[in-house]
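Novice: I would like the atomic coordinates for the input below:
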Amino acid sequence: MSTTSPVRVVVADDSALMRNIVTRSLTKAGIEVVGSARDGDEALALCERQRPDAMTLDLTMPGLDGLGVLRVLRERTDTSIPVVVVSAFSAAHGARAVDALAEGAFDLVSKPTANESLDSFIEALGTKVKQAAASRRAPRSASNGSALAARPGARGVQPPALTPRRSPAPSKVARLVLIATSTGGPRALAALVPTLPAPLGVGTLIVQHMPAGFTGSLAARLNASSKLSVIESTGGETLDPRTALLAPGGQHLRLAQDGRTMLTDEPAVGGLRPRADLLIQDAARAYRDRLLLVVLTGMGNDGLAGAREVHRNGGRILVEAEETCTVYGMPRAIVDSGLADEVHPLGQLAEVIASEARA
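Specialist: Predicted coordinates:
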């Protein structure tokens, strides 16, 4: 019999119906709801009293809205409560949800529509709330440098804080840049993509795990602050050094041998659509040693199968260091498998990417 205490959560939504749906969904997932709030001020008061492991948060509430709650939580030095945004999709809601992720929300779950079964919503919500709570409970190491230095089999991994970066062999051609990320990705992309130069290599592809409908808002946000033109892929594009194409939520982004993008409705892989592995494997076969894979913060191991293909074809693999990851899952899978060429904190990656992508 397990003695692990259940995850304790505060639910915040202005709709009584939605609060009831979220509460029943979390309870079904074995999560204890310790408070239910109708607005942001009530949510903050409940968090102060109950000290929950996580919170689900609607963004449109009377008084202090969801973004306001996130900003208050970020400013409080005595509390750190991971937040899972539960949002309906529309153009306005999509933009606000992406803003919330950039403000530090842990993850995003799309509210169920009238035509959708509640089962997928219950599963996604329970999983992400448990992941959010686990991220708070898990100890964060100050640096992963020593562990990396001692780990056998890692190909060229050098902690930047300890030794200079190893330069790759000179490339005669520009590389395709492919960035894969999940939990914490919108915040990481907001820090990384605007610092990348344009043109960059032969082009840039980005896979961010996100529900259908929200990736267009993420692309627009990144585009507004970046030198690269960041757009949500619609399929059929040719790679362009001045453009970064973002995989749309709800579809797999694939790459043909001629370098053109394709969107497919193939089944989700490991619960994910888009799945970064599929695109990475396509790109590795098409670009071989001309591919630069960058794996950022994220839960799970999406990117690992793709990284193996990149390694087989002579491409380069960079991963974000544990110290700057929201969740050290996807990068850890690459490092632990000995596939990472280099590991860098988020703030150093742009310079390294620019250097390795150019001809």
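Novice: And the pLDDT at Ala169?
Specialist: Note for Ala169: predicted pLDDT of 50.
Novice: I misspoke; the intended subject was Glu75.
Specialist: 85.
Novice: okay, now it: neighbour count?
Specialist: Neighbour count of Glu75, defined by other C-beta atoms under 10 Å: 7. To be clear about C-beta, it is placed using only N, CA and C from the backbone, and glycine gets the same treatment.
Novice: From the contact counts, what lies against the longest helix along the chain?
Specialist: For the chain, the helix that runs over the most residues, judged by DSSP state H, is helix 118-137. Applying 3 or more C-beta pairs under 8 Å, 6 or more residues apart in numbering; DSSP states H and E, one finds that helix 118-137 contacts strand 8-12, helix 16-28, strand 54-57, strand 83-87, strand 107-110.
Novice: where are the low-confidence patches of the stretch 51-200 of the chain?
Specialist: 77-79, 90-92, 137-172 (pLDDT under 70).
Novice: those helices in it, which residues are they?
Specialist: Assigned by DSSP state H, counting those that start in this stretch, the stretch 51-200 of the chain shows helices spanning 66-75, 91-102, 118-137, 145-150, 185-192.
Novice: If you count neighbours, what's buried in the first one?
Specialist: If you call a residue buried by 16 or more other C-beta atoms under 10 Å, then helix 66-75 has these buried ones: 66-70, 72-73.
Novice: With the second one instead?
Specialist: Residues of helix 91-102 classed as buried by neighbour count (16+ other C-beta under 10 Å): 93-102.
Novice: just these now: which is nearest Met262?
Specialist: Gly94 (23.8 Å; C-beta to C-beta).
Novice: I'd like to know how far the closest one sits from Ala100.
Specialist: 11 Å (C-beta to C-beta, to the nearest Å).
Novice: and what of Leu278?
Specialist: Applying C-beta to C-beta to Leu278 and Ala100 gives a distance of 28 Å.
Novice: Please apply the same query to Leu255.
Specialist: As defined by C-beta to C-beta, Leu255 lies at a distance of 31 Å from Ala100.
Novice: since we're on the residue nearest to Ala132 when sequence neighbours are not counted, how many residues are nearby?
Specialist: Nearest non-adjacent residue to Ala132, counting by C-beta to C-beta, 6 or more residues apart in numbering: Pro82, 3.8 Å away. Under the neighbour criterion other C-beta under 10 Å, Pro82 is assigned a count of 24.
Novice: how much space between Pro82 and Arg49?
Specialist: From Pro82 across to Arg49, the span is 18 Å (C-beta to C-beta).
Novice: Not counting residues beside it along the chain, what's closest to the residue nearest to the spatial centre of the chain?
Specialist: Centroid check for the chain by C-alpha atoms, centre = their mean gives Ser182 as the closest residue, at 2.3 Å. Setting aside the residues directly before and after it, Ser182 is nearest to Gly298 in space (C-beta to C-beta, 6+ apart), at 3.0 Å.
Novice: repeat for Glu342
Specialist: Leu318 (5.3 Å).
Novice: So in terms of bridging, what pairs with the one you found?
Specialist: With DSSP bridges as the criterion, Leu318 is bridged to Val294, Glu342.
Novice: what's near enough to touch it?
Specialist: For Leu318, the contacting residues are 292-295, 340-344, 349, 352-353, 356, by C-beta atoms under 8 Å, 6 or more residues apart in numbering.
Novice: 10 Å instead?
Specialist: Each residue near Leu318 by C-beta atoms under 10 Å, 6 or more residues apart in numbering is listed here: 177, 179, 292-296, 331, 334, 340-344, 348-349, 352-353, 356.
Novice: What distance do you get for Tyr328 to Ala190?
Specialist: Plainly put, Tyr328 is 19 Å away from Ala190 if you go by C-beta to C-beta.
Novice: Pick out whichever of the two has more residues nearby.
Specialist: Between Tyr328 and Ala190, Tyr328 has the larger neighbour count (other C-beta under 10 Å), namely 24 against 19.
Novice: Quick check: phi and psi at the residue nearest to the more buried one when sequence neighbours are not counted.
Specialist: Of all residues not flanking Tyr328 in the chain, Glu322 sits nearest, at 4.3 Å (C-beta to C-beta, 6+ apart). Glu322 adopts backbone torsions of phi -60, psi -40, taken as degrees, to the nearest 10.
Novice: gap between Glu322 and Pro345?
Specialist: Relative to Pro345, and taking C-beta to C-beta, Glu322 is found at 9 Å.
Novice: Give the buried residues for stretch 114-123.
Specialist: Per 16+ other C-beta under 10 Å, stretch 114-123 contains these buried residues: 121-122.
Novice: thought Ile231 was touching Arg221?
Specialist: No: Ile231 is not in contact with Arg221 according to C-beta atoms under 10 Å; the separation is 12.0 Å.
Novice: between these two, who's got more neighbours?
Specialist: Arg221 (22 against 17).
Novice: Tally up the residues packed near Tyr39, please.
Specialist: I think there's a mix-up here, since residue 39 is Asp and not Tyr. Asp39 is flanked by 20 other residues according to other C-beta under 10 Å.
Novice: Good, wrapping up.
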